[in-house]
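# could you look at this predicted model? Sequence included:
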Amino acid sequence: MTGDVTALASGGCHIFSGCGFPAPGLQDFEWKPLFTIGSFGFTKPMLLAIIAALVVIVFFWAAFRKPQLVPRGVQNLGEMAILGVRDQILRPSLGRKGDSYLPFLVSLFFFIYIMNVMELIPIFQFPVTSRIGFVWPLVFIVYFLYLYLGFKNQGAWGYLRNMIPPGVPAPIYIILVPVELLRFFVFQPFTLGVRLFGNMFAGHLLLTIFTIATWYLLSLSIGLVYAAGSFALAIFVFVLETLVTLLQAFIFTTLTATYIASSLEASH
Amino acid sequence: MSGQDNGASVELSRRTAAAEGRARGLNVGWTVFSYLLSGMAAYGIIGWLVGRAVHVPVLFPIGMLVGLAISIGFVIYRYGRQEAANAAQAQRTSTKGDDR
């Protein structure tokens, strides 16, 4: 947060004190650079993204540095994490033949999850994926892999031809070409990215609204009742967000797995 | 012991089926959503371009509606009729192979 809203709220700006509600908005997603290198400003979301990557790397390195036949400690957790992704995300879409994509999907899932869950960790308190600039590179990586595997397995012409399922009459085939091209190259990647961004953006905004409202409404008046209500809602949204952070990482990775599966098989 | 193994195996296959259903549902849901958007956008753009060329601006919204209709029709064909036909085919094949 830039601090404007927080400063207003924490600076004695309460209900009935002649001060309007310092409503959170887009300004809460803009960050002043922590430091600058030339014209490049290094902001808090960038730092959090690096921390998220480091957490994933260090965790799996620690888990499988010296793997034991009978897992103990952090290796147990690492194996549970990997088996979770394998059985709930990879195998349902790709089957056993897709096991070679497990390292990619595990990295993707946990990187997104840690970036999302930053929202709920004190001090960090910001979901990195609520800045859409952090989501597009992930979408680009997934789409690059999707296209590369499709072209490699089916050939460029075969892949484009297979976009429309077989058995469609020829006139309808022509009518569907612009729809399929736009869906494949624009709307499918667009929805993949915007869904993750939108959910995290909205969740963070809700959490900020109810947290600041609790502080704003806090006064020795009827406002105390409103503050209690707002606090209850903040707790509710917090609990909801613990699920949403996991769910969004799950949806993104599951869709990635289904895209890979469709690239490996002719009919998609 | 065997009963326990059997129970665990049934539970595992139930979970696998549930996970497969979830993945499939997610994929179909978002593909359908993308079809609806892309149908409107594709024929909206075509309608807008033609409308601009022949000076009939109403072709833009008409194109969008036509695109939406095409998308809905294709979604019904692909995820309704074709899926039902595929499921029936799969059922026939599995019954043929069953020699009980």
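In hand now; what should we look at? Numbering: from 1, shown residues only, chains lettered A, B, ... in the order given.
# and residue A:17, helix, strand or coil?
With DSSP: H, G, I helix; E, B strand; the rest coil as the basis, residue A:17 sits in coil.
# neighbours around it, how many?
Residues near residue A:17, counting by other Cβ atoms under 10 Å in any protein chain shown, number 10. (Each C-beta comes from the backbone N, C-alpha and C, glycine too.)
# do the same with residue A:179
Using other Cβ under 10 Å, residue A:179 has 26 neighbouring residues.
# nearest residue to residue A:163 other than its sequence neighbours?
Counting by Cβ to Cβ, 6 or more residues apart in numbering or on different chains, residue A:180 is the residue found nearest to residue A:163 once chain neighbours are left out, at 4.7 Å.
# pull the longest helix from chain B.
When chain B is parsed with DSSP state H, its longest helix is helix B:2-54.
# center of chain B, which residue is that?
In chain B, the residue lying closest to the centroid (Cα atoms, centre = their mean) is residue B:79, at 4.0 Å.
# so who does that one touch?
Neighbouring residues of residue B:79 by Cβ atoms under 8 Å, 6 or more residues apart in numbering or on different chains: B:28, B:32.
# would you confirm that residue B:50 contacts residue B:62?
No - counting by Cβ atoms under 8 Å, residue B:62 is not a contact partner of residue B:50; they are 9.6 Å apart.
# picking up where we left off before, wait, is the residue nearest to the centre of chain B part of a strand?
No - under the criterion used here (three-state DSSP), residue B:79 is helix, not part of a strand.
# any idea how far it lies from residue B:89?
Using Cβ to Cβ, to the nearest Å, residue B:79 is found at 16 Å from residue B:89.
# flag every residue of chain B that's near chain A.
Chain B has residues B:15-16, B:19-20, B:22-24, B:26-27, B:30-31, B:33-35, B:37-39, B:41-43, B:46, B:67, B:70-71, B:74, B:77-78, B:82 near chain A, with proximity defined as Cβ under 8 Å from any Cβ of the partner chain.
# which strands and helices sit next to the longest helix of chain B?
Applying 3 or more Cβ pairs under 8 Å, 6 or more residues apart in numbering or on different chains; DSSP states H and E, one finds that helix B:2-54 contacts helix A:91-94, helix A:170-182, helix A:188-217, helix A:223-264, helix B:59-76.
# any idea how far it is from the chain center?
Distance, stretch centre to chain centre, for helix B:2-54: 6 Å (Cα atoms, centre = their mean, to the nearest Å).
# just to revisit the earlier point, and the residues of chain B next to chain A, which are buried?
Buried members of the residues of chain B next to chain A, counted by 16 or more other Cβ atoms under 10 Å in any protein chain shown: B:19, B:22-23, B:26-27, B:30-31, B:33-35, B:37-39, B:41-43, B:46, B:67, B:70-71, B:74, B:77-78.
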